[in-house]
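> sequence unknown, structure follows:
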């Protein structure tokens with residue numbers, strides 16, 4: 001079955017050609033059905049290959065097999081994590097296309113097939129990045145994914161804010177990509193190889209790490225952590241989410257950011273984990289430090305947002321920090337927990353953005369204060385928003401709760417407290433929105449001046465919706481059901497653990513299952529989230545933004561020059577955290 005692996009990339013890329021070429025002449029329904037068939041077929045193939053990924057598969061595209069240990073061809077990997085991410089990307093693309101069925105107003109350029117074509121290109125690029133077995137082709141798909149994401153973010157080119165958000169996104173991520181490419185060039189200069197496994201063997205053959213290895217590690221990881229929206233590389237994400245169409249937000253937060261985390265895990269484990277790479281203690285220091293910083297900043301900024309899409313974007317940043325902490329402890333249990341956490345979080349976050357899109361297209365606003373009590377009639381959407389908040393908190397039996405439970409146990413000590421607090425704060429912010437917007441609870445917040453309120457937004461439909469289409473409520477319901485299934489499906493946790501550990505540690509198997517401490521911590525986080533939301537609604541002055549939080553808000557300036565400066569700061573910080581092991585070697 002390994003010969004089928006390249007089809008996961010080829011099918012969506014070729015499928016995008018039809019709506020791109022004939023979108024002006026085909027009926028809109030035909031274009032959208034084409035998108036469903038291509039994305040759904042690719043997802044089904046990815047799932048089939050995932051179920052047959054033991055032992056892991058390898059395919060040399062075009063039959064260019066290595067000769068004498070030297071390779072020039074393109075290698076595609078089909079192990080559990082790679083195919084899992086490809087499956088996740090494909091199924092979320094299908095969900096986003098279903099959500100947007102007859103949904104968008106006709107774009108300003110009049111090409112009805114453009115959106116479907118871009119979404120399929122995005123899917124193909126994400127699958128290619130997940131499956132890539134050599135660094136250069138990972139970079140190629142990394143860039144294709146980025147370019148398509150820029151176009152999708154600024155899809156409504158008649159809106160200045162959309163163009164600005166896409167430009168900021170493009171500049172920051174392009175600089176990250178340039179850093180990654182320079183790191184790949186250094187590795188090629190040292191080893192003469194581009195395959196990840198071959199680079200790892202080449203570094204080991206040269207002895208211990210040195211300045212070149214450190215520089216290549218920092219540059220490659222900078223590119224991946226920019227994509228993962230790790231602090232201080234994160235500034236592009238809230239700006240992009242605020243202006244991107246809702247289906248695009250579902251993919252940006254649901255899978256693209258997670259692909260950055262996956263890329264960091266894959267590259268370290270395959271390239272830099274040996275004796276010639278970066279010592280494990282230094283990687284732990286780097287990832288755990290950046291993870292704690294990311295989780296803390298994301299949680300604080302999430303709590304003090306009133307723009308609902310920005311609030312959800314900062315929640316993604318906060319949970320990305322938790323992912324990095326879990327991976328940074330470098331244990332099989334930590335990897336297993338984060339794999340489950342990523343799957344559950346993807347479904348929950350995509351569902352929450354889908355519900356936010358309903359508010360935008362029904363009321364022309366995503367301002368928590370302006371929408372106070374106005375969405376009482378949207379009972380189903382309100383219930384799903386609340387359920388999504390509970391999923392963010394890690395309430396058993398959600399898949400997020402199972403993944404968080406396993407990761408908390410692997411991290412241990414004070415890091416466990418961080419998991420509980422960050423989950424509670426982000427979930428509490430979403431519950432606060434639910435209480436105010438869908439139930440009208442508490443006093444109406446005062447209209448204080450706020451730089452990003454979310455009022456006066458343009459709906460993504462032809463006009464304000466009088467009736468919410470069934471697809472816009474069915475899709476988030478299915479996604480939330482999937483998040484629950486991750487936590488309750490018998491044997492699913494062990495299946496994920498076995499796949500991850502076969503890829504990461506040569507077959508060592510760790511079990512991933514519910515434990516009593518994990519359940520209690522999930523309940524504690526949920527209870528704390530409810531308490532925080534209740535206090536925020538009934539006593540808004542108690543939890544108003546303190547003076548120390550103002551500088552964090554000012555850092556999100558919207559000026560791309562500021563964001564570039566912080567990218568350089570983050571690169572320097574990453575190098576400083578990894579430097580001690582190189583000096584010791």
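That came in fine, so what should we check first? All values derive from a computational prediction rather than experimental measurement.

> Please report how far the nearest residue to residue 171 once chain neighbours are set aside lies from residue 170.
Leaving aside its sequence neighbours, residue 171 sits nearest to residue 560 (Cβ to Cβ, 6 or more residues apart in numbering; 5.0 Å). From N, CA and C alone the C-beta is placed, and that goes for glycine too. As judged by Cβ to Cβ, to the nearest Å, residue 560 and residue 170 stand 9 Å apart.

> which residues does the residue nearest to residue 171 contact?
Shown in contact with residue 560 (Cβ atoms under 8 Å, 6 or more residues apart in numbering): 167, 168, 171, 172.

> I'd like the mean pLDDT over stretch 296-314, please.
In this model, stretch 296-314 has a mean pLDDT of 95.

> Determine how far it lies from the middle of the whole chain.
From the chain centre to the centre of stretch 296-314 is a distance of 15 Å (Cα atoms, centre = their mean, to the nearest Å).

> Likewise for stretch 529-540?
The chain centre lies 28 Å from the centre of stretch 529-540; the measure is Cα atoms, centre = their mean.

> which residues touch that stretch?
Residues from elsewhere that reach stretch 529-540, judged by Cβ under 8 Å, 6+ apart: 389-390, 392-393, 423-425, 427-429, 431-432, 434-436, 441-443, 445, 542-543.

> which residues does residue 90 contact?
Per Cβ under 8 Å, 6+ apart, neighbours of residue 90: 8, 12, 39, 42, 43, 46, 123, 127.

> again, only this time at 10 Å
Neighbour list for residue 90: 8, 11-12, 38-47, 123-124, 126-127, 130, 255 [criterion: Cβ atoms under 10 Å, 6 or more residues apart in numbering].

> and these, which of them are in helices?
8, 11-12, 38-47, 123-124, 126-127, 130 (DSSP state H).

> now these: which count as buried?
For those, a neighbour count by 16 or more other Cβ atoms under 10 Å gives the buried set as 8, 11-12, 38-43, 45-47, 123-124, 126-127, 130.

> what sits in contact with each of residue 560 and residue 170?
residue 236.

> all strands of the chain, in order?
Taking DSSP state E as the criterion, the chain contains strands spanning 57-61, 74-78.

> Just say which of the ones you listed is most tucked in.
Comparing the strands of the chain by mean neighbour count (mean count of other Cβ atoms under 10 Å), strand 74-78 comes out on top with a mean of 23.

> Outline the domain layout of this structure.
1-63+71-131, 152-274+561-585, 281-446+453-544 (automatic domain parsing).

> about what we covered before: check the gap between the residue nearest to residue 171 and residue 174 for me.
As judged by Cβ to Cβ, residue 560 and residue 174 stand 11 Å apart.

> Can you lay out the contacts of residue 560 as CSV showing neighbour count?
Formatted as CSV, the contacts of residue 560 follow (neighbours: other Cβ atoms under 10 Å):
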residue, neighbour count
167, 16
168, 23
171, 17
172, 25
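
> Please report the distance of the residue lying closest to residue 74 once chain neighbours are set aside from residue 6.
In this structure, residue 74 finds its nearest non-sequential neighbour in residue 61, 4.3 Å apart by Cβ to Cβ, 6+ apart. With distances taken as Cβ to Cβ, residue 61 is found 5 Å from residue 6.

> same check, this time on residue 345
From residue 345 across to residue 6, the span is 29 Å (Cβ to Cβ).

> Looking at these two, which has the bigger crowd around it?
More neighbours surround residue 345 than the other of residue 345 and residue 6, with 31 against 17 (other Cβ atoms under 10 Å).

> List the contacts of that one.
If you count contacts by Cβ under 10 Å, 6+ apart, residue 345 has them with 253-254, 257-258, 315-316, 319-320, 322-323, 338, 391-392, 394, 398-400, 403-404, 483, 486.

> try it again with 7 Å
Taking Cβ atoms under 7 Å, 6 or more residues apart in numbering, we find residue 345 in contact with 319, 400.

> ok, so what distance separates it from residue 412?
Noted for residue 345: a distance of 21 Å to residue 412, by Cβ to Cβ.

> now residue 528
Applying Cβ to Cβ to residue 528 and residue 412 gives a distance of 20 Å.

> which of those two has more neighbours?
Neighbour count, other Cβ under 10 Å: between residue 528 and residue 412, residue 528 has more, with 18 against 11.

> mind listing what's buried in stretch 200-211?
Under 16+ other Cβ under 10 Å, the buried positions of stretch 200-211 are 200, 201, 202, 203, 209.

> For those, point out the one with the lowest pLDDT.
The lowest pLDDT within the buried residues of stretch 200-211 belongs to residue 209, with 85.

> quick one, phi psi at that one?
phi -70, psi 150 (degrees, to the nearest 10).

> That one against residue 274, yeah?
No. Residue 209 lies out of contact with residue 274 (Cβ atoms under 7 Å); the separation is 9.8 Å.

> What pLDDT is listed against the spatially most central residue of the chain?
In the chain, the residue lying closest to the centroid (Cα atoms, centre = their mean) is residue 257, at 2.7 Å. Listed pLDDT for residue 257 reads 95.

> you'd agree it is up against residue 315?
No. With contact defined as Cβ under 7 Å, residue 257 does not reach residue 315; the gap is 11.3 Å.
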